[in-house]
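K.L.:
Structure for this input, please:
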Amino acid sequence: MKKLLLSILSLITLSAFSQWQSTPITLTGIDCYSAFGNLLSSAVYGPQLDVSSNEGTTFASSNTGSPAGGVNFGTYNGGTLCTFKNNTSYQSNTGNNWTALTAGSIGVNDYIKSMASIGGTVFASTSPLSGLGFKIHELNGSTWALRSSNGGTIVTSIHNMNGAMWAGTTAYGLLKSTNAGTSFLPAPGTPTTLTFDRYITCLGATPSALFCGTQGGKVCRSIDGGLTWAGVYNIGNGANSVNINDIYVMNNNTILVACDSGFVYSTSNGALGTWIKDNTGLIKTAGTYLINHITVTANYIIASDKNGVLMRKPISETTIGIKENSLVVIESKVYPNPVTNFATIESSDLIFENNCEVKLNDVLGREVAVFEMKNGKANLNLSNFSKGLYYYNILNNKTVMSKGKLIVN
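P.N.:
Predicted coordinates for the structure are as follows:
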């Protein structure tokens with residue numbers, strides 16, 4: 001076999017190599033979401049819904065079929081994105097040409113608070129315009145059907161956390177459902193007993209940890225399925241309202257958080273003492289940084305702030321910890337590179353080898369595709385892939401034989 005020394009990428013971590021920069025979007029109450037290879041932005045309290053096909057450089061209107069006011073982004077399920085505003089909801093499989101969903105069990109006084117996808121089904125939580133209680137609705141086709149009706153508290157958010165539906169409340173911490181919202185029980189452990197920390201604002205999960213954010217400014221983590229919780233990051237004392245606004249799980253180890261003191265992250269599965277603040281370039285409001293939502297495109301971290309400005313930061317410029325190792329492997333090549341639609345990865349040393357495959361990962365380390373390699377050649381259809389940098393591994397009998405990278409234009 002022909003040999004060469006190949007540099008191997010190791011763990012990706014984040015650092016403030018560059019500052020946040022503004023995009024052309026300057027609306028009030030922005031929500032942001034990455035789907036269909038595009039970046040979507042909505043003025044939740046305004047008339048605008050926009051889409052960017054170049055990760056925030058330019059935007060175009062994507063209001064067709066959407067309400068006159070903006071929407072909240074709900075959940076992505078099976079190629080369809082669902083959104084909501086008050087008691088109305090919409091769906092699209094392109095990011096435009098929105099279709100209104102039939103209200104069904106959602107009444108005129110039921111305001112949608114959150115959406116989640118579990119087992120291929122979309123669920124919505126609603127609470128009344130006044131008073132306590134919450135309902136869980138499931139989407140059957142394009143019509144909402146009542147799953148359960150519950151009293152005693154208001155649910156702020158629902159989330160699929162490792163197969164179970166978890167719900168954050170305004171006064172009682174966390175609820176858990178193991179039957180997709182048919183019934184709920186108080187979570188076995190409680191993140192905290194402090195007043196504002198019992199108000200759960202957002203949820204997130206990696207395969208090995210559960211996370212929740214509170215109105216008291218605390219990020220809590222459980223590594224035993226919710227039996228016990230510990231505070232791992234804190235911007236408040238639990239006695240005042242200073243919100244953790246959004247939790248975005250970038251990969252199995254990297255957690256991004258939007259909060260009332262800006263942008264923070266951990267590259268160690270959210271462990272205590274591993275959180276880093278990165279606000280350089282963000283715009284202050286009343287002397288501090290206020291970030292509403294976080295999402296990630298192929299090449300950027302995107303943040304919406306409470307000034308109504310959508311900010312972005314290149315992942316490539318905020319990546320450190322790229323270490324090099326010397327390893328003798330076989331040679332491979334990819335062509336064309338950059339690629340628009342179709343590419344070929346070839347290794348002449350594997351022509352007579354069986355059980356070969358090519359695994360493709362994005363810049364966040366997430367596996368996005370697996371291709372069969374026959375006679376030392378793999379044909380890749382990348383026509384539906386987002387633009388950006390990708391890394392490939394060639395495996396023979398589950399052993400990595402060669403590595404490389406390609407760019408999708």
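
K.L.:
C-alpha from now on. contacts and neighbour counts both.
P.N.:
Will do.

K.L.:
Grab the most central residue of this protein for me.
P.N.:
Nearest to the geometric centre of the chain sits residue 248, at 4.7 Å (CA atoms, centre = their mean).

K.L.:
Residue 303 versus that one, what's the distance?
P.N.:
Taken as CA to CA, to the nearest Å, the spacing of residue 248 relative to residue 303 amounts to 11 Å.

K.L.:
chain center to stretch 386-401: distance?
P.N.:
In terms of CA atoms, centre = their mean, to the nearest Å, the gap separating the centre of stretch 386-401 from the centre of its chain is 23 Å.

K.L.:
can you give me the mean pLDDT across that stretch?
P.N.:
In this model, stretch 386-401 has a mean pLDDT of 83.

K.L.:
What count of nearby residues applies to the nearest residue to residue 32 once chain neighbours are set aside?
P.N.:
Leaving aside its chain neighbours, residue 32 sits nearest to residue 41 (4.5 Å; criterion: CA to CA, 6 or more residues apart in numbering). Around residue 41 there are 28 other residues, counting by other CA atoms under 10 Å.

K.L.:
can you pull the buried residues of stretch 179-187?
P.N.:
For stretch 179-187, the neighbour count (16 or more other CA atoms under 10 Å) marks 180, 181, 182, 183, 184, 187 as buried.

K.L.:
Equivalent analysis for stretch 268-278, please.
P.N.:
So for stretch 268-278, counting by 16+ other CA under 10 Å, buried means 269, 270, 271, 275, 276, 278.

K.L.:
Please work out which residues outside that stretch touch it.
P.N.:
15-16, 206, 209, 221, 231-233, 252-255, 262-267 (CA atoms under 8 Å, 6 or more residues apart in numbering).

K.L.:
Narrow the residues you listed to those in strands?
P.N.:
Counted as lying in strands by DSSP state E, out of those, are 206, 209, 221, 231, 232, 233, 255, 262, 263, 264, 265, 266.

K.L.:
In those, find the pair that's most separated.
P.N.:
The widest separation within those, taken as CA to CA, falls between 209 and 262 and amounts to 22.9 Å.

K.L.:
neighbour-wise, which of those two wins?
P.N.:
Neighbours per residue (other CA under 10 Å) separate residue 209 from residue 262, with residue 262 holding more: 23 against 20.

K.L.:
how about low-confidence regions in the stretch 301-409 of the chain?
P.N.:
316-329, 364 (pLDDT under 70).

K.L.:
Helices of that one, start to end?
P.N.:
Ranges of helices in the stretch 301-409 of the chain, per DSSP state H, counting those that start in this stretch: none exist.

K.L.:
one step back: nearest to residue 55 among the buried residues of stretch 268-278?
P.N.:
Of those, the one sitting nearest to residue 55 (CA to CA) turns out to be residue 278, at 20.3 Å.

K.L.:
Report pLDDT for that closest one.
P.N.:
According to the model, residue 278 carries a pLDDT of 88.

K.L.:
What's the separation between it and residue 405?
P.N.:
28 Å.

K.L.:
swap in residue 367?
P.N.:
From residue 367 to residue 405 the distance is 13 Å (CA to CA).

K.L.:
Please list all residues in contact with residue 214.
P.N.:
So residue 214 contacts 196, 197, 198, 199, 200, 201, 202, 243, 244 (CA under 8 Å, 6+ apart).

K.L.:
Contacts made by stretch 359-379 with the rest, please.
P.N.:
12, 250-251, 298-299, 342-358, 380, 389-395.

K.L.:
Any of these buried? List them.
P.N.:
Taking 16+ other CA under 10 Å as the criterion, what is buried in the contacts of stretch 359-379 is 12, 250-251, 298-299, 343-347, 349-350, 356-358, 380, 389-395.

K.L.:
And the pLDDT for the closest residue to residue 39 other than its chain neighbours?
P.N.:
Using CA to CA, 6+ apart and skipping the chain neighbours, the partner closest in space to residue 39 is residue 52 (5.0 Å). pLDDT recorded at residue 52 is 93.

K.L.:
if I look at residue 52, how far off is residue 299?
P.N.:
Here residue 52 is placed at a distance of 13 Å from residue 299 (CA to CA).

K.L.:
ok so residue 273 is a helix residue?
P.N.:
No. Counting by DSSP: H, G, I helix; E, B strand; the rest coil, residue 273 falls outside a helix, being coil.

K.L.:
For residue 141, see how far away it is.
P.N.:
From residue 273 to residue 141 the distance is 45 Å (CA to CA).

K.L.:
try residue 375
P.N.:
45 Å.

K.L.:
can you list the domain ranges for this structure.
P.N.:
13-320, 330-408 (automatic domain parsing).

K.L.:
Of these, flag the one that's most buried.
P.N.:
Highest mean neighbour count of these: domain 13-320, a mean of 20 (counted as mean count of other CA atoms under 10 Å).

K.L.:
could you list every residue that touches residue 228?
P.N.:
188, 189, 190, 191, 222.

K.L.:
so which strand or helix has the second one?
P.N.:
Assessed by DSSP states H and E, residue 189 sits outside every helix and strand.

K.L.:
which ones are touching it?
P.N.:
Contacts of residue 189 (CA under 8 Å, 6+ apart): 226, 227, 228, 229.

K.L.:
Can you tell me the closest non-neighbouring residue to the second one?
P.N.:
Right, residue 227. Residue 227 sits nearest to residue 189 (CA to CA, 6+ apart), 4.6 Å away.

K.L.:
I'd assumed residue 197 was in a helix, is it?
P.N.:
Yes. Counting by three-state DSSP, residue 197 is part of a helix.

K.L.:
Relative to residue 130, how far out is it?
P.N.:
Applying CA to CA to residue 197 and residue 130 gives a distance of 22 Å.

K.L.:
Same question for residue 301.
P.N.:
37 Å.

K.L.:
repeat for residue 337
P.N.:
For residue 337 relative to residue 130 (CA to CA), the value is 58 Å.
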